[in-house]
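Asker: Quick one, what's the 3D model for this:
(2 chains)
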Amino acid sequence: HLVESGGALVQPGKSLRLSCSASGFRFDDFAMSWVRQVPGKGLEWISGITWNGANRGYADSVQGRFTIARDNDQNSLFLQMDSLRVEDTAIYFCTKDTSVGLRGGMDVWGQGTTVIVSS
Amino acid sequence: IVMTQSPLSLPVTPGEPASISCKSSQSLVHSSGYNCLDWYLQKPGQSPQLLIYLGSTRAAGVPERFSGSGSGTDFTLKISRVEADDVGIYYCMQALETPRTFGQGTKVEIK
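Answerer: Model prediction:
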C-alpha cells in the first residue's frame, strides 16, 4: 500500500517535496520509483532508487532539478522538486519495484498526487 | 532507449484473442539473460497495474489469459480471450537501464 502526499499548486521556479508512505511490505527490500502522467497523456518514469539508496536514476527532463530519497526507518520515499516548470504539471505516482534493483516491474502503485505548476 | 508500440488503438471483440507489439531501439537482454521489459495496464480512472515483467513473468493475480513473449528488441503481449474488463491503455516499458522508458500506449476498446 502506497500513499502519496505533498501535491499542490505552485508557481514556476518554486520548489515542492512529495512524500510516499509505504505499508504492507518490507520497505527496505525493494527499489522504488516515481512515475508521472499528464492527464490524458502517457506515462513517464522520472526517478528511481535502489533498496539502500546507493543508486538513483533520473529522466533527462528532471535531471539536476529533482532529487529522490528514501528513509527506510520511516518506510518513506521522497521527491524533492526544485526549479519547477509548467511542464512538470502532472499526477505523480509512487511505485514499488519487484526487486532490490531497478530492473524488475513496478508491482504496487499509489493513487497519485497532483502537482500543478502555474503562475 | 525508445519504445514503440503498435497498434495505438485496438478494437477487440470479447472472447477473441488480441495482441500488442512493442519494439525497443536496442536490445533489452540483461547480462543475466533476462529481458528487461514490462507490460502495464491502466484501466479508466485507475492507477496503472503491472501485468508482465522480465518479458514473460506474470505478476501476482494476473489472469493466465495474459502472456508476454519476445526477446531482444521485439516483444508481444497477448490476451488469449479478451474480456470486457480488459479495456484500458496498455504500456510496455524497458527496465534495462535508467531512465526507464515507456511506449506510447495502446488503447484497447470493445467493438
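Asker: For residue A:102, grab the count of nearby residues.
Answerer: Look at residue A:102: counted by other C-beta atoms under 10 Å in any protein chain shown, it has 26 neighbours. Glycine gets a C-beta too; all of them are placed from N, C-alpha and C.
Asker: Now it. Its backbone dihedrals?
Answerer: In terms of degrees, to the nearest 10, the main-chain angles of residue A:102 are phi -110, psi 40.
Asker: That one contacts residue A:31, correct?
Answerer: Yes: here residue A:102 lies in contact with residue A:31, judged by C-beta atoms under 8 Å, at a distance of 5.0 Å.
Asker: The most centrally placed residue in chain B: which element?
Answerer: The C-alpha lying nearest the average C-alpha coordinate of chain B belongs to residue B:39 (C-alpha atoms, centre = their mean; 3.3 Å). Using DSSP states H and E, residue B:39 falls within strand B:37-42.
Asker: And the host helix or strand of residue B:76, what's buried?
Answerer: Taking DSSP H and E as the definition, residue B:76 sits inside strand B:74-79. Using 16 or more other C-beta atoms under 10 Å in any protein chain shown as the test for burial, strand B:74-79 gives B:75, B:77, B:79.
Asker: what's the burial count for the residue nearest to residue A:57 when sequence neighbours are not counted?
Answerer: In space, and not counting its chain neighbours, residue A:57 is closest to residue B:98: 2.7 Å by C-beta to C-beta, 6 or more residues apart in numbering or on different chains. Using other C-beta under 10 Å, residue B:98 has 19 other residues around it.
Asker: Pull up the residues of chain B that are close to chain A.
Answerer: For chain B, the residues in contact with chain A (C-beta under 8 Å from any C-beta of the partner chain) are B:30, B:34, B:36, B:38, B:40, B:42, B:47-50, B:52-54, B:59-60, B:89, B:91, B:93, B:95-96, B:98-105.
Asker: Return the subset of those lying in strands.
Answerer: Among these, the ones falling in strands (DSSP state E) are B:38, B:40, B:42, B:49-50, B:52-53, B:89, B:91, B:93, B:101-102.
Asker: Give me the contact list for the strand holding residue B:76.
Answerer: Strand B:74-79 has contacts (C-beta atoms under 8 Å, 6 or more residues apart in numbering or on different chains) with B:12, B:17-24, B:28, B:35, B:37, B:39, B:51-52, B:55, B:65-70, B:86, B:90, B:92.
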